[in-house]
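1. Give me the fold of what follows.
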Amino acid sequence: MIQGHEPGGQLTTTTDVENFPGYPEGIMGPEMMSQFEAQATRFGAELRFGMVTHVDLSGAPHKLVLDEETPLLADAVIVATGASAKYLGLENEKRLLGRGVSACATCDGAFFRNEEIAIVGGGDTAMEEAQFLTRFASTVHLIHRRDELRASQIMQDRVLSNPKVKVHWNTVVTDVNGENAVESLSLEDTVTGETRELPVTGFFVAIGHKPNTDLFQGWLEMDESGYVLTKPDSTYTEVPGVFVCGDAQDHVYRQAVTAAGTGCMAAIDAERWLAEQEVIDETRTETEYHAAPAEGSASGEPVEA
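-> Residues are numbered from 1 along each chain as shown. You can find the predicted model right below:
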C-alpha cells in the first residue's frame, strides 16, 4: 500500500470521529488511522511511504512509478486516493482546521449544539449542509459572494425559509479569527467594500471537493468532476485489473464508513479477479501443452515463442 504524502487522508485532519461503528465514545481521526494501519500490517500488508507519480495501465502487469524513480509492477491495482475538500485558501483557515473549521457538516455538526456557526457556499451541497447544521446550531450564517445562489430552487426554498438560517449576500470571508479555536470571521461586502466581524464558533466550507485522480487522467473513465466511473454494483473500472473505491469514486456520501465499505468491495473484487486470471492462465498452459506439434518440431513438446 502506497501511503502518499498524507497517510490516512482526510481523517488525519479530523478531530473527533463520532459516526464510525465500534467507537461508542468517539475517537480522534489520527488515532483511528493509526489503528487501521496496525490492523492492516498485522495481516501482512506492506505499507510504503511515497507518491505514485506515473502509471501505465495499458496492459498486464500494470506499471506504476514511485517518487519518479522506483518502478512497481502489479497484476491488480486498487485506486483509493480519496478526495480533497476545497478551501478558501486562508492561512488561519488551515491553522484552525479541526478546531472549528470543517468541510464536513455531517461529521462535525453535532459539536456545535446551540452555538452560532457559519457556512460558505452557494450550491446544492452548501444548502444540504446548511439545512443539516440547523439541527444543532442556534443560528447558521450562510455566506455567499453573490446576490443569488447556484443551488436548485427547491434546495434554496428549504434553506431560505428556515428561521435558523441568516443569509449574508455579496459577502466574502477574508480571515478566520481565533487563537486555539474559531472565535469569529472577518467579512467583506463585495459591493460596498465594507468590512465587519462575525462572531461564530464554527466555520464550515462547502465549496466542493476534488477527487485525487489526476494521476489516472487518460487511463480511467471519469465524470466531468474527475470521479472515476465504475461498473454498476461493483468497483470494477473499464481497465481489467483496476478497481476504485472511496472518495475517488463516491461523490454522494463521502463518509469514512462508506469508504471502508467500498474498500472491502474493491478487495473482494480484486481477489476474485486475480483468482479468475489464475484459472485462465492454467487453462491456457494446459491447452498449449497438449497442442499439436508446431512446424519444425519433431515431438509434442511445447515450443518456446
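
2. and the longest helix for the chain?
-> Longest helix of the chain, by residue count under DSSP state H: helix 256-289.

3. list the contacts for residue 256?
-> Residues in contact with residue 256 (CB atoms under 8 Å, 6 or more residues apart in numbering) are 11, 17, 19, 20. For the C-beta atoms, the positions are set from N, CA and C on the backbone; glycine is no exception.

4. Checking my notes, residue 94 in a helix, right?
-> Yes - counting by DSSP: H, G, I helix; E, B strand; the rest coil, residue 94 is part of a helix.

5. okay, the nearest residue to it once chain neighbours are set aside: pLDDT?
-> Nearest non-adjacent residue to residue 94, counting by CB to CB, 6 or more residues apart in numbering: residue 87, 7.1 Å away. On pLDDT, residue 87 comes in at 93.

6. ok, now residue 3?
-> 90.

7. show me what contacts it?
-> Residue 3 sits next to 47, 48, 49, 50 when contact means CB under 8 Å, 6+ apart.

8. Name all residues that make contact with the closest residue to the first one other than its chain neighbours.
-> Using CB to CB, 6+ apart and skipping the chain neighbours, the partner closest in space to residue 47 is residue 1 (5.2 Å). The contact partners of residue 1, by CB under 8 Å, 6+ apart, come to 40, 45, 46, 47, 48.

9. same deal with residue 149?
-> Counting by CB under 8 Å, 6+ apart, residue 149 touches 122, 123, 127, 156.

10. which secondary structure element contains it?
-> Take DSSP states H and E as the rule and residue 149 turns out to sit in neither a helix nor a strand.

11. going forward can the numbers begin at 264, since that is how I track them
-> Understood, numbering begins at 264; the last thing we discussed is residue 412.

12. Just confirm residue 467 contacts residue 388, I think it does.
-> No - using CB atoms under 8 Å, residue 467 is not in contact with residue 388, being 10.6 Å away.

13. Name the residue in these two with the higher neighbour count.
-> Using other CB atoms under 10 Å as the criterion, residue 467 and residue 388 rank with residue 467 on top: 28 against 18.

14. residue contacts, that one?
-> Neighbour list for residue 467: 364-368, 371-372, 380-383, 392, 396 [criterion: CB under 8 Å, 6+ apart].

15. Pretty sure it sits in a strand.
-> Yes - read with three-state DSSP, residue 467 is one of the residues of a strand.

16. neighbours around the spatially closest residue to it that is not a sequence neighbour, how many?
-> Excluding the flanking residues, the one nearest residue 467 by CB to CB, 6+ apart is residue 382, at 4.2 Å. Residues lying near residue 382 (other CB under 10 Å) number 28.

17. same thing with the one 4 residues further on?
-> Using other CB under 10 Å, residue 386 has 16 neighbouring residues.

18. what's near enough to touch it?
-> Contact analysis of residue 386 by CB under 8 Å, 6+ apart lists 412, 413, 414, 469, 470, 471.

19. Looking at these, point me to the pair that's furthest apart.
-> 412 and 471 (14.3 Å; CB to CB).

20. Checking the residue nearest to residue 436 when sequence neighbours are not counted next. Helix, strand or coil?
-> Closest residue to residue 436 apart from its sequence neighbours, by CB to CB, 6+ apart: residue 448 at 5.3 Å. Secondary structure, three-state DSSP: residue 448 is strand.

21. rewinding a little: out of the contacts of residue 412, which are buried?
-> 385, 386, 390, 419 (16 or more other CB atoms under 10 Å).

22. For the last one, identify the helix or strand it belongs to.
-> Applying DSSP H and E as the criterion places residue 419 in helix 416-423.

23. Show the average pLDDT along the next helix or strand after that helix.
-> Next helix or strand after helix 416-423 toward the C-terminus (DSSP H and E): strand 428-431. Mean pLDDT, computed over strand 428-431, is 98.

24. For strand 428-431, buried residues please.
-> Buried residues in strand 428-431, counting neighbours by 16+ other CB under 10 Å, are found at 428, 431.

25. Identify all contacting residues around that strand.
-> Contacts for strand 428-431 (CB under 8 Å, 6+ apart): 393, 397, 402, 403, 404, 405, 406, 407, 422, 423, 450, 461.

26. 10 Å instead?
-> 379, 381-383, 390, 393-394, 396-397, 400, 402-408, 412, 421-423, 448, 450, 452, 459, 461 (CB atoms under 10 Å, 6 or more residues apart in numbering).

27. What strands line up against the following helix or strand past it, and which way round?
-> Next helix or strand after strand 428-431 toward the C-terminus (DSSP H and E): strand 434-440. Applying DSSP bridges to the sheet, strand 434-440 is found paired with strand 447-452 (antiparallel).
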